[in-house]
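Undergrad: Give me a model of this one.
(one chain, ligands or ions: 1)
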Amino acid sequence: MKAVDRQEQHTEEQGRCPVVHFDSRSHRQVMGFIDELDVLREQHPYFWDPEAQGYWVLTRYDDIREAYQTPELFSSDSFVPTDPDPTYFMIPTQVGPPQHVKFRRLLNPQFSPSVVAKMEDDARRFANESIDQFIDNGHCDLVREFGGTFPTKVFLAWSGLPTEDSPQFVEWVLAVFNELSSSRATAVQAAIEGIRSYFRRVIDDRRHDPGGASIDIFTHLVQAKIDGALLSDDDLLSICEVLVLAGLDTVKQELGYAFRHFATHPSDRQRLVDEPEIIPAAVEEMLRMFSVAPPARKLTRDVDFHGCPMNRVTWCGCRSTRRIATPASFPIPNR
Ligand code: HEM
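TA: Predicted coordinates:
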């Protein structure tokens, strides 16, 4: 069903906000979510989605930017719109200011351009190894056969872990994200427990033998201090969990959209071949066009947000739509 039909069927209002039964957990065709949200963005700057306990959706660039930049009002206590009171606490994702920046200072050096540049040869090698697995077939299921293994090996090499462990990580991440949508809490829990016990061993190892392995991100983390104190095991495990869950499925999804785009727009693909210097800009554009992880925020108080009366009590989160854009920000947002 198109977003426009959905809206015609639901003309009630939440406060002064239109209500749209978008229902992010229902299945769509590829690009279905994105196309519907493109329509909704043009129709409404905000709407109320009654999914789960209900939440507001911001659709336009300036408002979303303002929300993300006002953490005292739009907090990170919850970042999943259907889960307003999470039982988990993810670091640094759910940490508010001023502590947030202290955790980020520990992590940021690992994401610096120079560290990432050093990964280039390995990344090429991992890509080639993955392609070698299916090249003789002449075709592949890109998300399954490339999107799982390739980013996992890059992640493991970047963080200092053995790339031989990649099949286990692929399995854990698949279990968490596949089962989250089907609400099979036991399978998710088992995978999370697997990830945590793996990292319990890594943390233990780096504490007892800091120079044993090459100095990696975990060596830095176990020695790091915030406000003069070493990080607790819970904090360290939470950071490791975030790195795995934030870093692997996102890249897989993004690769799926990007490769689909190039398969269906051969002239864009040819342009990258002819002008490789535009690849960095093309990556940014893919991330904007197919943004796979629009996080929610939790209101800390009632507010009238540019005409949308948001109520802390009835509420959960504010979620951004994909391809967020106003004509002023991106003249042709859908291309
Ligand atoms: C295409 C791939 C990726 C996308 C689309 C993506 C998207 C995002 C988004 C939207 C957030 C903000 C969440 C929020 O504020 O609630 C985030 C946070 C984060 N991501 Fe990624 N991510 C990607 C890849 C990665 C990778 C490869 C890693 C690390 C290996 C990573 C590590 C993190 C971490 C640590 C955070 C928390 C940052 C903080 O709270 O300050 N991400 N990511």
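
Undergrad: where does this structure dip in pLDDT?
TA: Low-confidence segments of the chain, defined by pLDDT under 70: 1-15, 179-184, 211-214, 312-335.

Undergrad: Please identify the helix or strand for residue 284.
TA: helix 279-289 (DSSP states H and E).

Undergrad: where's residue 59 relative to residue 157, distance?
TA: Look at residue 59 and residue 157: by C-beta to C-beta, to the nearest Å, they are 38 Å apart. All C-beta atoms are positioned from the backbone trio N, CA, C, and that covers glycine.

Undergrad: Within the helices and strands, which one has the residue nearest to residue 292 when sequence neighbours are not counted?
TA: Nearest non-adjacent residue to residue 292, counting by C-beta to C-beta, 6 or more residues apart in numbering: residue 253, 4.1 Å away. In this structure, residue 253 sits in helix 249-264 according to DSSP H and E.

Undergrad: Packing partners of that helix?
TA: Taking 3 or more C-beta pairs under 8 Å, 6 or more residues apart in numbering; DSSP states H and E as contact, the helices and strands that helix 249-264 lies on are helix 142-145, helix 149-159, helix 166-182, helix 266-274, helix 279-289.

Undergrad: repeat that with 7 Å
TA: helix 142-145, helix 266-274, helix 279-289 (3 or more C-beta pairs under 7 Å, 6 or more residues apart in numbering; DSSP states H and E).

Undergrad: Go through the helix holding residue 284 and flag the buried ones.
TA: 282, 285-286, 288-289 (16 or more other C-beta atoms under 10 Å).

Undergrad: rewinding a little: pull the number of nearby residues for the residue nearest to residue 292.
TA: Neighbourhood size, residue 253 [other C-beta atoms under 10 Å]: 17.

Undergrad: what does residue 120 give?
TA: If you count neighbours by other C-beta under 10 Å, residue 120 ends up with 9.

Undergrad: so what's residue 161 closest to, chain neighbours aside?
TA: That would be residue 202: by C-beta to C-beta, 6+ apart, it lies 7.1 Å from residue 161.

Undergrad: Quick check: the one you found is in a strand.
TA: No. Applying DSSP: H, G, I helix; E, B strand; the rest coil, one finds residue 202 to be helix, outside a strand.

Undergrad: Is it correct that it is in contact with residue 217?
TA: No. Look at residue 202 against residue 217 with C-beta atoms under 7 Å: they stay out of range, at 9.9 Å.

Undergrad: Verify the contact between the residue nearest to residue 292 and residue 291 for me.
TA: No. Using C-beta under 7 Å, residue 253 makes no contact with residue 291, being 9.9 Å away.

Undergrad: Output stretch 257-272 as PDB, nothing but the C-alphas.
TA: Extracted as PDB, the C-alpha positions of stretch 257-272 are listed here (Å, rounded to 0.1, in the frame of the first residue of the first chain):
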ATOM      1  CA  TYR A 257      21.200  -0.700  -1.700                       C
ATOM      2  CA  ALA A 258      24.400   0.700  -3.300                       C
ATOM      3  CA  PHE A 259      24.900  -2.400  -5.600                       C
ATOM      4  CA  ARG A 260      21.300  -2.500  -6.500                       C
ATOM      5  CA  HIS A 261      21.500   1.100  -7.500                       C
ATOM      6  CA  PHE A 262      24.500   0.500  -9.700                       C
ATOM      7  CA  ALA A 263      22.900  -2.600 -11.200                       C
ATOM      8  CA  THR A 264      19.800  -0.600 -12.100                       C
ATOM      9  CA  HIS A 265      21.600   2.600 -13.100                       C
ATOM     10  CA  PRO A 266      24.500   1.400 -15.400                       C
ATOM     11  CA  SER A 267      25.500   4.900 -16.400                       C
ATOM     12  CA  ASP A 268      26.200   5.800 -12.700                       C
ATOM     13  CA  ARG A 269      28.300   2.600 -12.400                       C
ATOM     14  CA  GLN A 270      30.200   3.500 -15.600                       C
ATOM     15  CA  ARG A 271      30.800   7.000 -14.200                       C
ATOM     16  CA  LEU A 272      32.500   5.600 -11.200                       C
END
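
Undergrad: residues making contact with it?
TA: Contact with stretch 257-272 is made by 30, 142, 278-279, 282, 286, 290, as judged by C-beta atoms under 7 Å, 6 or more residues apart in numbering.

Undergrad: do the same with stretch 138-154
TA: 119, 122-123, 126-127, 130, 133-134, 163, 166, 169-170, 248, 251-252, 255-256, 259.

Undergrad: In contact with residue 191, which residues?
TA: 172, 175-176.

Undergrad: Can you tell me how far the residue nearest the centre of the chain is from residue 72?
TA: When C-alpha atoms, centre = their mean is applied to the chain, the residue found nearest the centroid is residue 293 (3.7 Å). Separation of residue 293 from residue 72 (C-beta to C-beta): 23 Å.
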